[in-house]
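Visitor: what's the 3D shape of this:
(one chain, ligands or ions: 1)
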Amino acid sequence: MNVASTPGIAPVQPIADAQTVLSVRHWDDRLFSFRVTRPASFRFRSGEFVMIGLPGENGKPILRAYSIASPFWDEELEFYSIKVQDGPLTSRLQRIGVGDQVIVKTKPTGTLVLDALLPGKRLWMISTGTGVAPFASLMREPETYEKFESVILTQTCRLNSELAYGEDLERRLAEDPLVGEEAAVKFRRYATTTREPSAKMGRITDLMESGKLFEDLGVPPLDPACDRVMICGSMALNLDMKRILEARGFNEGANSKPGEYVVERAFVD
Ligand code: A2P
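Guide: Residues are numbered from 1 along each chain as shown. Predicted structure coming up:
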């Protein structure tokens, strides 16, 4: 039956910019990731974010900024999200299933891109919580390994269960057809918890200031001559990291003027 042409029945409005959910994975009761179809001809740089969301009750979409967690070459788009029980978007988004539709706006933007950094030797990707999402993209980006001799991803969370997504990314990196071999030599992940015992504990900022981070990894302390840093976490983490880096002579970069570090807030919290 063609509903749209049946008298008395309102036409079914297609959702603008809708993409179809292909898979959903719940990591714990606070975090989930999902994959959707990729809009035809949609291009982005690894590390960028887009607005995504669901139709609202009044017909106006509820949209939030989400980093794309898949690399630019992937046929699908991946997103990593927190579940906020009374959040306007994530209270509903956490209930999506395969075949459902999610709005994905196709205007990518953001500063956590390789183009915003000057050439360097070692790339640090510093994250807390869902701030790991843009780095999930960049750690699978071939250019990351062309440009840097060494790539270090740090993620700090309160609890062990919040580190599961990053752990899985690291495990799957070894099998990655494009970067697996290079990543095996160049990539390292350094994960810490702050409110539950784990192998490595403490805020990344404290571990930097005490020097323990560099001792553990066997690398020299941060130096603007060779280290490049990307930061994505809470506002508090971002500000503390900026202070630490600027005290060591690092300059903030942007798309228009590359520098020694770049920073972006982890969006969904
Ligand atoms: P802590 O447990 O000591 O607050 P949140 O869940 O609040 O966004 O925090 C995520 C992680 O980031 C937590 O492990 C938290 O540590 C850490 N964190 C919060 N603020 C800062 C900061 N200013 N510098 C470094 N780490 C931080």
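Visitor: drop to CA atoms for contacts and neighbour counts, all remaining ones
Guide: Noted.
Visitor: tell me the pLDDT at residue 243?
Guide: Residue 243 carries a pLDDT value of 98.
Visitor: Repeat that for residue 8.
Guide: Confidence score, pLDDT, at residue 8: 51.
Visitor: ditto for residue 13
Guide: 62.
Visitor: Up against the ligand, what does the stretch 51-200 of the chain have?
Guide: Those residues of the stretch 51-200 of the chain that sit near the ligand, judged by C-alpha under 6 Å from any ligand atom, are 128-129, 156-158, 193-195.
Visitor: taking these one by one, which sit in strands?
Guide: 128, 156-157, 193 (DSSP state E).
Visitor: Looking at those, which is nearest the ligand?
Guide: Distance to the ligand, by C-alpha to the nearest ligand atom, is smallest for residue 157 among these, at 3.7 Å.
Visitor: Are we agreed that residue 169 is in a helix?
Guide: Yes - counting by DSSP: H, G, I helix; E, B strand; the rest coil, residue 169 is located in a helix.
Visitor: Quick check: chain neighbours aside, which residue is closest to it?
Guide: Nearest non-adjacent residue to residue 169, counting by C-alpha to C-alpha, 6 or more residues apart in numbering: residue 136, 6.9 Å away.
Visitor: The one you found: neighbour count?
Guide: Per other C-alpha atoms under 10 Å, the neighbour tally for residue 136 reads 26.
Visitor: next SSE after the helix or strand hosting it?
Guide: Using DSSP states H and E, residue 136 maps to helix 133-138. Going down the chain from helix 133-138, the next helix or strand is helix 142-147, by DSSP H and E.
Visitor: So for that next one, what gets flagged as buried?
Guide: 142, 144-145, 147 (16 or more other C-alpha atoms under 10 Å).
Visitor: out of those residues, which one sits closest to the ligand?
Guide: Using C-alpha to the nearest ligand atom, residue 144 is the member of the buried residues of helix 142-147 that sits closest to the ligand, with 24.9 Å.
Visitor: if I look at the closest residue to that closest one other than its chain neighbours, how far off is residue 152?
Guide: Nearest residue to residue 144 in three dimensions, chain neighbours excluded: residue 138, at 6.6 Å (C-alpha to C-alpha, 6+ apart). Distance, residue 138 to residue 152, by C-alpha to C-alpha, to the nearest Å: 11 Å.
Visitor: Can you give me the pLDDT of the most centrally placed residue in the chain?
Guide: When C-alpha atoms, centre = their mean is applied to the chain, the residue found nearest the centroid is residue 133 (1.4 Å). Here the pLDDT value assigned to residue 133 is 98.
Visitor: Alright, I will stop here.
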